[in-house]
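Sequence plus the predicted model coming up.
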Amino acid sequence: EVIAQETSYGSDCSDDEASECDLAFATLDLTGVDFDANPAESSSNAISNTEAVALELEHRILTNETSSLEDLKDRAGVTSQRLFLLAEMVAGGRYVEALKSPSAEWFFMSDDNSDLRSSEKMNTVPDKFWSQIERKMSKISSISESVEAELLAIAALNIFLQLNYTGPAFDDKSILDGVNPHPCFADYFHVCPQEEEEKSRTITDRRHTKYHNAVLSELAVDGMWPCQVAEVPYLLLLARSILSHLVSADGRPELTVFTSKLFAATCWSARAMVAHERLLLTNEPSSKLWDQVVVAFERCIAEYRKKDAENSQLLAALYLEYGLASYHFEHGKKGKKLFGQALEASELSVEVTGSEGRRTKFQQKATAQMIVRATPRQSGKLKQQESLAKSSEVKSQMVEHPEDSILFETVQYENGEDNKVSELSVLEQAILLALCLDVKNNNPADGLTAEEMSAYLARVLHHHDD
């Protein structure tokens, strides 16, 4: 058979031509060629310019590099106007507007299937709402639409965190009408418009309705019930369900084609899971949620090392958030290790030591004071100089000690170098506070622990970024 093949191949050209063909083939450089690659798979990995811009936009939202999106707008063209409108709302903190935007109208548009309403009128059971979101996710047909769904989830999560943790509260609670919940889920959550018109439209009054209890039942994990007085738990449920479907689209290859390209969905999903755990009323953290959090953060770190290896600040932030999540789930040793990795990734030099100094104006003899010396990496000096103007502006609004006070604003050290403070970024300040948290959680509540913690806090309070 081999002889027959050689004979057939050689029949089309002369001996001289055949030798030249063999020589040319032998000199080809085939380094890096994957002969086992599937051509169809390779073509599916190629993305258009519009989709590449959508992924870049997703990355900027994650890293908070949203001061200007005009360059991406010019590259994207007219087809991405709806996406950029949503991105500008999320980047500007207009989260309620984002959940009422054209993107939200498209995503939450009511389905025409008549069987939806009949299924929505059934008693709520765990994960039932997730199947409703899965129906909404089925309309996604591009990477850009996947990013839109992710941004809607980010807006919902940030509203939940704002109203329950960070503030400020909304002066006018009716701003959430049409968002808490969205009209397409009103029947499912037993929200009766007539009943709502009779009641005050404040979020607090809604805690005692069937709607509020139905949402909390969806957020229950292994029999552990969420906090009853939580504000807008529906938005946390919405964020959790959308992000989970974006991260894990098992059994739906038509969705995986788009969601597998997303860069930040896993990170936002991990953040939503940590918020979910903090909402549960239980003596012990949920092992189910912890397992999911570990998988999510490990996947985040692996992906960012591969795709964005040069961005050490992003890697440091991931380690920091992973460490804080470990503390919320009562894995203190793992959290301590992750804080150390965040410190290493940020290239921040931290030294806890002692230095002689004076605290009061009339103190004659300097005494030993605990001090935290924190020096940022050299490459970050330009960004630190840019924050000086903002810091001085906030510092001008400080309420200083009166002149007749005997206390100095800060400890006056004998060593002049200790009185000089290097500018730190917000991330670096957060890492110092995480190290302070570790001191609190791993030492007895005594005076020495408080003194060491105060040294970390004093170092952070030198900055006026907030």
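Nice, I can see it.

any chance you could map the strands in the stretch 351-466 of the chain?
Assigned strands in the stretch 351-466 of the chain, in chain order: 367-375, 407-413 (criterion: DSSP state E, counting those that start in this stretch).

So which residue is dead centre in this structure?
residue 268 (3.8 Å; CA atoms, centre = their mean).

Tell me which residues are up against the host helix or strand of it.
Following DSSP states H and E, the helix or strand that holds residue 268 is helix 265-279. When contacts are taken as CB atoms under 8 Å, 6 or more residues apart in numbering, the neighbours of helix 265-279 outside the stretch itself are 62, 146, 150, 153-154, 157, 160-161, 219, 221, 226-227, 230, 233, 236, 239-240, 243-244, 246-247, 259, 285-286, 289-290, 292-293, 296-297, 299-300, 303, 318, 321-322, 324-325, 328-329. C-beta here means a position set from N, CA and C on the backbone, and glycine is covered the same way.

Enumerate the positions of stretch 216-230 that are buried.
216, 217, 218, 219, 221, 224, 226, 230 (16 or more other CB atoms under 10 Å).

swap in stretch 340-348?
Of the residues in stretch 340-348, those with enough neighbours to count as buried (16+ other CB under 10 Å) are 340, 341, 342, 343, 345, 346, 347, 348.

would JSON lines of those residues with pLDDT, secondary structure and distance to residue 423 be doable?
Putting the buried residues of stretch 340-348 into JSON lines (pLDDT from 0 to 100; DSSP: H, G, I helix; E, B strand; the rest coil; distance: CB to CB, whole Å) gives the following:
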{"residue": "340", "pLDDT": "96", "secondary structure": "helix", "distance to residue 423": "23"}
{"residue": "341", "pLDDT": "96", "secondary structure": "helix", "distance to residue 423": "23"}
{"residue": "342", "pLDDT": "96", "secondary structure": "helix", "distance to residue 423": "19"}
{"residue": "343", "pLDDT": "95", "secondary structure": "helix", "distance to residue 423": "17"}
{"residue": "345", "pLDDT": "93", "secondary structure": "helix", "distance to residue 423": "19"}
{"residue": "346", "pLDDT": "93", "secondary structure": "helix", "distance to residue 423": "14"}
{"residue": "347", "pLDDT": "91", "secondary structure": "coil", "distance to residue 423": "15"}
{"residue": "348", "pLDDT": "93", "secondary structure": "coil", "distance to residue 423": "12"}
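
between those, which is closest to residue 105?
Comparing the buried residues of stretch 340-348 against residue 105 with CB to CB places residue 342 closest, at 39.9 Å.

Test my guess that the closest one contacts residue 313.
No. Using CB atoms under 8 Å, residue 342 and residue 313 do not qualify as a contacting pair, with a distance of 10.2 Å.

Poorly predicted segments of the stretch 351-466 of the chain, please.
Scanning the stretch 351-466 of the chain for pLDDT under 70 picks out 378-404, 464-466.

if we can go back for a sec, out of the contacts of helix 265-279, list just those in helices.
Secondary structure defined by DSSP state H assigns 62, 146, 150, 153-154, 157, 160-161, 219, 233, 236, 239-240, 243-244, 246-247, 259, 289-290, 292-293, 296-297, 299-300, 303, 318, 321-322, 324-325, 328 of the contacts of helix 265-279 to helices.

Quick check on those residues: which are buried?
Among the ones in helices among the contacts of helix 265-279, those scoring as buried are 62, 146, 150, 153-154, 157, 160-161, 219, 233, 236, 239-240, 243-244, 246-247, 259, 289-290, 292-293, 296-297, 300, 303, 318, 321-322, 324-325, 328 (criterion: 16+ other CB under 10 Å).

among the strands of the stretch 351-466 of the chain, which is the most enclosed?
Among the strands of the stretch 351-466 of the chain, judged by mean count of other CB atoms under 10 Å, the one packed with the most neighbours on average is strand 367-375 (a mean of 16).

Just the residues contacting it, thanks.
Strand 367-375 is contacted from outside by 348-359, 411, 413, 418, 422, 424, 428, 432, 451-452, 454-456, 458-459, using CB under 8 Å, 6+ apart.

Give the other helices and strands that the host helix or strand of residue 333 contacts.
Assigned by DSSP H and E, residue 333 belongs to helix 332-346. Identification of packing neighbours for helix 332-346 by 3 or more CB pairs under 8 Å, 6 or more residues apart in numbering; DSSP states H and E yields helix 312-328, helix 426-441.

Give the next helix or strand downstream of the helix or strand bottoming out on mean pLDDT in the chain.
Among the helical and strand segments of the chain, the one scoring lowest on mean pLDDT, DSSP states H and E is helix 114-120, with a mean of 42. Towards the C-terminus, the helix or strand next in line after helix 114-120, according to DSSP H and E, is helix 128-137.

Return the distance of that following helix from the chain's centre.
22 Å (CA atoms, centre = their mean, to the nearest Å).

CA atoms only for that helix, dumped as CSV, please.
Extracted in CSV, the C-alpha atoms of helix 128-137 (Å, rounded to 0.1, in the frame of the first residue of the first chain):
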residue,chain,number,x,y,z
LYS,A,128,-37.4,28.4,41.7
PHE,A,129,-36.5,32.0,41.0
TRP,A,130,-33.2,30.8,39.5
SER,A,131,-35.1,29.0,36.8
GLN,A,132,-37.0,32.2,36.0
ILE,A,133,-33.6,34.0,35.5
GLU,A,134,-32.4,31.1,33.4
ARG,A,135,-35.3,31.8,31.0
LYS,A,136,-34.2,35.4,30.8
MET,A,137,-30.6,34.3,30.2
